[in-house]
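A.B. asks: Would you be able to build a 3D model of this:
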Amino acid sequence: PSPSTAATPRRDLGPWPATIARGNSMRILILLAGLAVCTQAQWLNYPDRRTPRAKDGKPILTAPAPRLNGKPDLSGLWEADATPRSELDRVLPPGYFDLQIDVPALSKYVVNLLWDFKPEDDPSRPETLALVKQRRESPSESLPASRCLPNSMPLTPLLLPFKIVQTPQQMVMLFEHYDPARQVYTDGRALPKDLEPSWMGYAAGKWQGDILVVESAGYNGKTPLDGAGHPRSESARMIERYYRRDFGHMDIDLTINDPTFYTRSFTVKLPFHLIPDSDVLEAVCAENEKDRIHVKRPIAPTQPIKSS
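C.D. replies: Next up, the predicted model:
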């Protein structure tokens, strides 16, 4: 099929070791998550009548974005774009994908949110780099997901597919990874002045033209930004700009402002694609888990990343 009509195939996610593989850091592979089991959802391969289709029935992913009350409708099942294998191979250990055969696609931003930054442009403070090094050396003790505790934004939607349900009053994000659902209120409210720290924080959005701008804060500081273990403090604030380019493609421009760990705010553009005619799978952490006891130490890649 042509690129304009080709539907992204729904990948087979069971059993769950793929989740672990997606939690690898830039300089050293870190085990992020305890094992879980995905059970098959009831509505996979169910044609959505709202999806524009070619004569052969294939979704037209380059069709105009749908709209809801005059604004782009972000609803759908989304997945982070995979990074080309050649780019990943420059950083990940030799033979990595031969061992992790259940990882057909991996976003470099799971490995390291700052992947595209040159060393001289890295905003991490010295103490931040020291913390990342510490987490690299003891991932099972330092990363909450290795103990079946939640991940958070932005790592969670980068790990596995997630579903957006948009209404005029709020946008709800349902994650295939075993993390809490996220509510983004779009009813005009501002973030509370007194924020009780939580895993997913607080989020409020407003439309600026065709872009949904989401401000979030109130994170509990227990979750890393990525597989490398870049930290986030309780005082961090994030701005996400959601832009659905067409029916099958969406960009999230993420800006993180966290003076505790970073010398300046920084922005990363995260691309996603729609998985049509599908649904999120159910995941449960630690069900039938047999791997964590065998994790002794992480595996270091042969060379540091070099930005092109």
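A.B. asks: Output the lowest mean pLDDT helix or strand found in the chain.
C.D. replies: The weakest-scoring helix or strand in the chain, judged by mean pLDDT, DSSP states H and E, is helix 17-21 (a mean of 31).
A.B. asks: Could you check how far the residue lying farthest from the centre of the chain is from Pro64?
C.D. replies: The centre of the chain is farthest from one residue, Lys55, which by Cα atoms, centre = their mean lies 33.6 Å away. To Pro64, Lys55 is 18 Å away according to Cβ to Cβ, to the nearest Å. From N, CA and C alone the C-beta is placed, and that goes for glycine too.
A.B. asks: In the stretch 51-200 of the chain, where is pLDDT below threshold?
C.D. replies: 100-104, 139-142 (pLDDT under 70).
A.B. asks: That one: helices as residue ranges?
C.D. replies: Assigned by DSSP state H, counting those that start in this stretch, the stretch 51-200 of the chain shows helices spanning 85-89, 96-99, 108-111, 126-137, 139-142, 155-159.
A.B. asks: Excluding chain neighbours, give the residue nearest to Pro144 in space.
C.D. replies: Lys222 (5.4 Å; Cβ to Cβ, 6 or more residues apart in numbering).
A.B. asks: Can you get me a residue count around the one you found?
C.D. replies: 17 (other Cβ atoms under 10 Å).
A.B. asks: residues in contact with it?
C.D. replies: Pro144, Leu149, Trp199 (Cβ atoms under 8 Å, 6 or more residues apart in numbering).
A.B. asks: of those residues, buried ones?
C.D. replies: Among the contacts of Lys222, those scoring as buried are Pro144, Leu149, Trp199 (criterion: 16 or more other Cβ atoms under 10 Å).
A.B. asks: CSV for those, including distance to Pro161?
C.D. replies: Listed next are the buried ones among the contacts of Lys222 as CSV, based on distance: Cβ to Cβ, whole Å:
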residue, distance to Pro161
Pro144, 21
Leu149, 21
Trp199, 19
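A.B. asks: Tell me the one among those nearest to Asp121.
C.D. replies: Proximity of these to Asp121 (Cβ to Cβ) peaks at Pro144, which lies at 28.4 Å.
A.B. asks: that older thread, from Pro231, how far out is the residue nearest to Pro144?
C.D. replies: 9 Å.
A.B. asks: in the sheet, who's paired with Lys71?
C.D. replies: Going by DSSP bridges, Lys71 is paired in beta bridges with Leu68.
A.B. asks: ok, it touching Asp210?
C.D. replies: Yes - shown here, Lys71 and Asp210 form a contact pair, counting by Cβ atoms under 8 Å, at 7.1 Å.
A.B. asks: okay, these two: which has more neighbours?
C.D. replies: Comparing Lys71 with Asp210 by other Cβ under 10 Å, the one with more neighbours is Lys71, at 17 against 14.
A.B. asks: who's in contact with the more buried one?
C.D. replies: Residues near Lys71 by Cβ under 8 Å, 6+ apart: Trp207, Asp210, Leu212.
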